[in-house]
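Enquirer: Have a look; sequence and predicted model below, questions after that.
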Amino acid sequence: MKGEYGHRVVSIKGIIALLSIIGIGLIFVFPLRNTLAQAPGDANDDGMINVQDVIVTINQILGIASAPGDPDCNMDTMVNIQDVICIINIILGIAPTPTPTPTPTPAPMIQDVSIIDNQFVDSVSGNNTTTIPVGTTVRWTNNGEDNHTSTSDEEIWNSDDDFPMPAGMQPGDQFIFTFTEAGTFPYFCEFHGAPGGIGMSGTVTVTP
């Protein structure tokens, strides 16, 4: 009886040893995945965010190897140097800097002046005087049948720059100029006026 009992004990120990060997083998063949895997920034999928994730993320950026976890630390749908910075900030305990929302550029203010034969007509005042704030663009449009120009008395602007003489602005042409300083600026048509308010002329007043 004793011999049989001892033989059974040896058999049970052998079975346990065999199961242990099989279990260890399964771990190597099918490694256990950490329950914290796939956290943004955990590029190597080990449940921790550390310098190893920086290395894995850089490798993916350089195309050396793909990351098994989620290297997109800042969750912007791209893996780039910003994710490396994000991971380093997490390691150092620095809160990630939010990406600033770009401020939309306001549309430029435009005021129209119609050029008719032989007069400048502002779209707001209805005459040859235009009053605008600084930063406004004036747009002259030749709606007449003759050729004209918009030429500053003080040579601040001249439609000749875009529509050279001797033709000048032909019917349908448009010339624009943006006023960046306050002041009063007289102008004229080279074909039908002259400096000093002679003939076909107008005035742009720019307020601060």
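Expert: Yep, it's here.

Enquirer: Can you check the pLDDT for residue 175?
Expert: At residue 175, the pLDDT value in this model is 98.

Enquirer: Next up, the contacts around it.
Expert: 139, 140, 150, 159, 162, 163, 169 (C-beta atoms under 8 Å, 6 or more residues apart in numbering). All C-beta spots, glycine's among them, are computed from the backbone N, C-alpha and C.

Enquirer: From the structure, what's the count of residues near the nearest residue in space to it that is not next to it in sequence?
Expert: Excluding its sequence neighbours, the residue lying closest to residue 175 (C-beta to C-beta, 6 or more residues apart in numbering) is residue 159, at 4.0 Å. Neighbour count for residue 159, taken as other C-beta atoms under 10 Å: 26.

Enquirer: wait, residue 159 sits on residue 150?
Expert: Yes: the pair residue 159 and residue 150 qualifies as a contact (C-beta atoms under 8 Å) at a distance of 4.5 Å.

Enquirer: what sits in contact with each of these two?
Expert: Common neighbours of residue 159 and residue 150 (C-beta under 8 Å, 6+ apart) are 140, 169, 175.

Enquirer: could you point out where this protein is predicted with low confidence?
Expert: 1-38, 95-100 (pLDDT under 70).

Enquirer: Which parts of it are strands?
Expert: Residue ranges of the strands in the chain, as given by DSSP state E, are 110-116, 119-122, 129-133, 137-142, 151-152, 174-178, 183-194, 198-207.

Enquirer: got CSV for the ones you listed, with distance to residue 39 too?
Expert: CSV is the format used below for these (distance: least, C-beta to C-beta, whole Å):
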stretch, distance to residue 39
strand 110-116, 51
strand 119-122, 63
strand 129-133, 53
strand 137-142, 52
strand 151-152, 64
strand 174-178, 51
strand 183-194, 61
strand 198-207, 57
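
Enquirer: closest one to residue 80 among these?
Expert: strand 174-178 (37.6 Å; C-beta to C-beta).
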